[in-house]
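>>> quick one, fold the following:
(one chain, ligands or ions: 1)
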Amino acid sequence: MTWPILEGVSTPYFLIDEEMIDTNLQILDHVMQESGACILLAQKAFSIYQCYPQIGQTLCGTTASGLYEARLGKEEMGGETHVFCPAYQDSWFDALLTYADHLVFNSLSQWQHFRARALAAGKSCGLRINPAHSTQEAAIYDPCAPGSRFGILRADLEGADLSGIDGLHFHTLCEQNVDALVETLEVVERDFGDLLHQMKWLNLGGGHHITRADYDVETLIRTVKRLRETYDLDVYLEPGEAVVLNAGYLVASVVDLVHNDLDIAVLDTSAACHMPDVIEMPYRPPLEHSGEAGELAHTYRLGGPTCLAGDVIGDYSFAEPLAIGDKLIFDDMALYTMVKTNTFNGMPLPAIYRGSAHTGAKIVRQFGYEDFKSRL
Ligand SMILES: *Cc1c(COP(=O)(O)O)cnc(C)c1O
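Take a look at the predicted model:
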C-alpha cells in the first residue's frame, strides 16, 4: 500500500505530512517577506510540538490562549510568544509572565487589574477590540455577534486611559479569504483609526486561510503593507489552520457492517473522541476514494465505536462495497484534531506519526490504558 497507509501499523492513527507543512510554510514565508508581517502559529489549532522546530524555521513564534500553550510555545519553538486570554487569573499570571512577550487583554477591567504587573515585567501589552462587524454566519465562530464576550467595543474605549498600551488585536475570521479581512479593516479603520496612529503594533488574529489554493495572497500582502505604512506599526497574523492545512491524515479501519434502513459501517475511529469538530462545528471530513451519499454505487453511514448514538462521521458512498478490515483515509486531519481528542467511553487515542511520502514515517507518540486512567 502507499502513503499514508503505513505497513504494519494498526489503526486508527494520525499521520502528519511534513512536506505539506513545508508547502504551507513556503506560502507564509512569501507573505512575511513581501509584506513585512510577522506570522505566528496559533497553537489552539495544532500543538504537536515535535513539529515546532520545522515550523519555527519560518514563522516568528507562537500565540497562546493561556499559560500552558504559552509555555509550550516558548519552550519548544521559541521566537516571540504572544498570548490572548479571555480572562487571565491571578493564580497563574506571574507564571505566564515568565513565558509571554506580548499580552493581549480582553477587557479594560482585566487591563487595569494586571497593568502594573505586566508593565513592570517589561511586556508589550495590547487590547482586543470588537469591531462589531460579522463576516460569517456560524454563531459559535462569530466573536462579533451580539452578546459576544470577546473584545472591547469602540464606545467603551471613549475616555479610557490607554497609556502603556502598545497594540490592538482583533480576531473575527474563521476559514476566510482576504475579502473578509478587507471588509473588516474598513470598519476597524473607520472606528479605531485614531487609536491605530498611537500604536506600535496591530494583530489581525487568525482565521485567514492563507494557504488555501484560492486564497488571494497578493491582496493580503498589499493590505499589510498599506497598514504598516499608514499607521507606522508592526503587523501580526496568527493563523492556526493555515499552517497545517491539508497536512494530516486519520487512517481508520472498518470493524463491522450492519444494516438498519441503510448500510452502516462501524469504524475503529470516533467522531466524538478523535475528530470532535465533526460534531461541534459541525462539518463533513474529506474521505479519500468516496463520494456524497448516493453519488457512487454503495452508500454507508460511517459511525464510531462509542455508545453515543450521535457518534456519526457522515454518509459517504463508494464504488465498491466496504468490507471488514478496509482502511479509510480521512484528509485534512492535522488541524483541531490532536488538540481536541478525548478518551470518552474509554476510547483509545490514535497513535501519532509524522513524516512524508519520500522520507517515510516515524512515530511521535503511542497511547494506552494509562492515558485514559491518569486523567480521572
Ligand atoms: C483560534 C484563534 C486563532 C487561530 O484561528 P485559526 O482559525 O485556526 O486560524 C488565532 N487567534 C485567536 C485569538 C484565536 O482565538
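
>>> my guess is Asp256 is in a helix, correct?
No - counting by DSSP: H, G, I helix; E, B strand; the rest coil, Asp256 falls outside a helix, being strand.

>>> now Leu257. Nearest residue, chain neighbours left out?
Ala265 (5.6 Å; CB to CB, 6 or more residues apart in numbering). Placement of C-beta: from N, CA and C, glycine included.

>>> now for whatever helix or strand that neighbour lives in, which elements pack on it?
If you go by DSSP states H and E, Ala265 is part of strand 262-267. Where contact means 3 or more CB pairs under 8 Å, 6 or more residues apart in numbering; DSSP states H and E, strand 262-267 is packed against strand 248-260, strand 298-303.

>>> neighbouring strands - and their directions - for the last one?
Looking back up the chat, that one is strand 298-303. strand 262-267 (parallel), strand 312-318 (antiparallel) (DSSP bridges).

>>> quick check: angle from the helix or strand just after the last one to strand 248-260?
Under the assignment DSSP H and E, the closest C-terminal helix or strand after strand 312-318 is strand 327-331. Direction vectors for strand 327-331 and strand 248-260, defined by axes from the mean of the first three to the mean of the last three CA atoms, to 10 degrees, enclose an angle of 130 degrees.

>>> hmm, stretch 198-217 in reach of the ligand?
Yes - with CB under 6 Å from any ligand atom as the measure, stretch 198-217 is seen reaching the ligand through 205-207.

>>> for that stretch, buried residues please.
199, 201-212, 215, 217 (16 or more other CB atoms under 10 Å).

>>> from the residues you listed, pick the one nearest Ile140.
Gly207 (13.3 Å; CB to CB).

>>> let me see the confidence value for the closest one.
Per-residue pLDDT puts Gly207 at 98.

>>> which residue packs closest to it, ignoring adjacent ones?
Leu173 (3.0 Å).

>>> try Ile27
Thr211 (4.9 Å).

>>> residues from this protein in reach of the ligand?
42, 44-45, 63, 84, 171, 174, 205-207, 238-242.

>>> rerun at 8 Å
42, 44-45, 63, 65, 84, 104, 128, 143, 169, 171, 173-175, 205-209, 238-242, 335-336 (CB under 8 Å from any ligand atom).

>>> how many other residues sit next to Ala95?
12 (other CB atoms under 10 Å).

>>> could you do Leu6 as well?
Leu6, neighbours per other CB under 10 Å, totals 19.

>>> of all the strands paired with strand 298-303, which lies closest to Leu328?
strand 262-267 (6.8 Å).

>>> give me the mean pLDDT for the following helix or strand past the closest one.
Downstream of strand 262-267, the next assigned helix or strand under DSSP H and E is helix 271-274. Averaging pLDDT along helix 271-274 gives 98.

>>> what are the contacting residues of helix 271-274?
12, 250, 278-279, 304, 306, 308, 310-313, 337, 341-345, 347, 349-350 (CB atoms under 8 Å, 6 or more residues apart in numbering).

>>> can you select the buried ones among these for me in PyMOL?
Only the buried entries of those go into this PyMOL selection, using 16+ other CB under 10 Å:
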select buried, resi 12+250+278+279+304+306+311+312+313+337+341+343+347+349+350
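
>>> take the contacts of helix 271-274 and keep only those in helices.
Applying DSSP state H to the contacts of helix 271-274, the entries found in helices are 278-279.

>>> circling back: can you flag the buried ones in the residues of the chain next to the ligand?
42, 44-45, 63, 84, 104, 128, 143, 169, 171, 173-175, 205-209, 238-242, 335-336.

>>> only alpha carbons, please: show stretch 36-53 as PDB.
Once non-C-alpha atoms are left out, stretch 36-53 reads as follows in PDB (Å, rounded to 0.1, in the frame of the first residue of the first chain):
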ATOM      1  CA  GLY A  36       6.800  42.700   6.400                       C
ATOM      2  CA  ALA A  37       4.200  41.000   8.600                       C
ATOM      3  CA  CYS A  38       5.100  38.600  11.400                       C
ATOM      4  CA  ILE A  39       3.300  35.300  11.300                       C
ATOM      5  CA  LEU A  40       2.700  33.300  14.500                       C
ATOM      6  CA  LEU A  41       1.400  29.700  14.900                       C
ATOM      7  CA  ALA A  42      -1.900  29.700  16.800                       C
ATOM      8  CA  GLN A  43      -1.300  26.600  19.000                       C
ATOM      9  CA  LYS A  44      -5.000  26.200  19.600                       C
ATOM     10  CA  ALA A  45      -5.300  24.500  16.200                       C
ATOM     11  CA  PHE A  46      -2.100  22.400  16.300                       C
ATOM     12  CA  SER A  47       0.200  21.800  19.300                       C
ATOM     13  CA  ILE A  48       2.300  18.900  18.100                       C
ATOM     14  CA  TYR A  49       5.500  20.400  19.400                       C
ATOM     15  CA  GLN A  50       7.600  17.800  17.800                       C
ATOM     16  CA  CYS A  51       6.900  19.700  14.600                       C
ATOM     17  CA  TYR A  52       7.800  23.100  16.100                       C
ATOM     18  CA  PRO A  53      11.500  23.100  15.100                       C
END
